[in-house]
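Participant: what follows is a predicted structure for the sequence shown.
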Amino acid sequence: MATEAAHDEGSSLVFHPMDQFMVKPLFGDGPVHWYTITNVTFWMAITVLGVLALLVLTTSKRATVPSRGQSMAELSYGFIYKMIEDVTGKDGLKYFPYVMTLFMFIVFSNMLGLLPLSFTTTSHIAVTAVLALLVFGFVTILGFVKHGTHFLGLFWVTAAPLPLRPVLAVIELISYFVRPVSHSIRLAGNMMAGHAVIKVFAGFAAIAAVSPVSVIAITAMYGLEVMVAFIQAYVFTILTCVYLKDALHPAH
């Protein structure tokens, strides 16, 4: 009995940093089906509502002296507009709604994931892979629609010596199809890693000897994760703009 009690006491200190990324039904403990409302779908819905609240509700009564919400919405609008214009040129501005939607969804998902008892939807490769594949499919189709077979000029490096061009074409082709993989893994990996580290430090906070150090580490990591949440949304969006530029202007 004493051994079992000691084992139970020891197991209470066991923590699993990856448990926070488990997909669970929002109601009950049954299996997860395609139609099951889970913690992922719940927080994705909260993300969509948050984006709508910022971009629609706060700007519905546009004032000369903007409120904080209106200021944030206008800053976000101007930030993405300038990004698209700088990277793709004037031609890319017609795709502003799509790029803006991507950025707002990702940044809201990242930020909401920092709330206690929340779920970071962008820490799941299933979510980021869908976003990356949509970008990949969109720019590829756009490239062929606008340029036809001339879009293949993206893979033919005319600036290189002729004997090297076939080799470079293979490399360019491989790197092009790797885009959705790197695009999705970068976002999911960074979001997952930061949250896992915070959970590890939180587990050590229960030990009195290292508790102060753990609290300081958690505070520092949390501040870093706020910055990472924005940076990763920015990186995903600006890479989307770069890929969009390749579709609009494919020639090397």
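Facilitator: Thanks, I have it.
Participant: could I get the full set of helices for this protein?
Facilitator: 2-11, 39-52, 68-88, 96-112, 125-147, 165-204, 211-248 (DSSP state H).
Participant: so what secondary structure elements neighbour the longest one?
Facilitator: Other elements packing on helix 165-204 under the criterion 3 or more CB pairs under 8 Å, 6 or more residues apart in numbering; DSSP states H and E are helix 125-147, helix 211-248. For every residue, glycine as well, the C-beta is placed using N, CA and C.
Participant: and what of the second one?
Facilitator: With contacts defined as 3+ CB pairs under 8 Å, 6+ apart, helix 39-52 has these neighbours: helix 96-112.
Participant: what's the most buried one of the helices of the chain?
Facilitator: helix 96-112 (a mean of 21; mean count of other CB atoms under 10 Å).
Participant: worst average pLDDT in the helices and strands packed on helix 165-204?
Facilitator: Lowest mean pLDDT within these: helix 211-248, a mean of 90.
Participant: what's the nearest residue to residue 118 if we skip its chain neighbours?
Facilitator: Closest residue to residue 118 apart from its sequence neighbours, by CB to CB, 6 or more residues apart in numbering: residue 112 at 5.6 Å.
Participant: contacting residues around that neighbour?
Facilitator: The neighbours of residue 112, taking CB atoms under 8 Å, 6 or more residues apart in numbering as the test, are 43, 46-47, 50, 118, 120.
Participant: measure it to residue 240 for me?
Facilitator: 21 Å (CB to CB, to the nearest Å).
Participant: which one in the contacts of residue 112 is the model shakiest on?
Facilitator: Ranking the contacts of residue 112 by pLDDT, residue 118 lands last with 88.
Participant: what number of residues lie near that one?
Facilitator: Residue 118: 16 surrounding residues under other CB atoms under 10 Å.
Participant: looks like it contacts residue 43 (just checking).
Facilitator: Yes - in this structure residue 118 lies within contact range of residue 43 using CB atoms under 8 Å: 6.2 Å.
Participant: so who does the residue lying closest to residue 151 once chain neighbours are set aside touch?
Facilitator: Leaving out its chain neighbours, the residue that sits closest to residue 151 by CB to CB, 6+ apart is residue 143, at 4.0 Å. Residues in contact with residue 143 (CB under 8 Å, 6+ apart) are 151, 154, 246-248, 250.
Participant: let's see 10 Å
Facilitator: Applying CB atoms under 10 Å, 6 or more residues apart in numbering, we find residue 143 in contact with 150-154, 243-244, 246-250.
Participant: please render these as JSON lines that adds distance to residue 211 to the earlier fields.
Facilitator: Shown next, in JSON lines, are the contacts of residue 143 (distance: CB to CB, whole Å):
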{"residue": "150", "distance to residue 211": "63"}
{"residue": "151", "distance to residue 211": "59"}
{"residue": "152", "distance to residue 211": "60"}
{"residue": "153", "distance to residue 211": "61"}
{"residue": "154", "distance to residue 211": "55"}
{"residue": "243", "distance to residue 211": "46"}
{"residue": "244", "distance to residue 211": "49"}
{"residue": "246", "distance to residue 211": "51"}
{"residue": "247", "distance to residue 211": "53"}
{"residue": "248", "distance to residue 211": "55"}
{"residue": "249", "distance to residue 211": "56"}
{"residue": "250", "distance to residue 211": "57"}
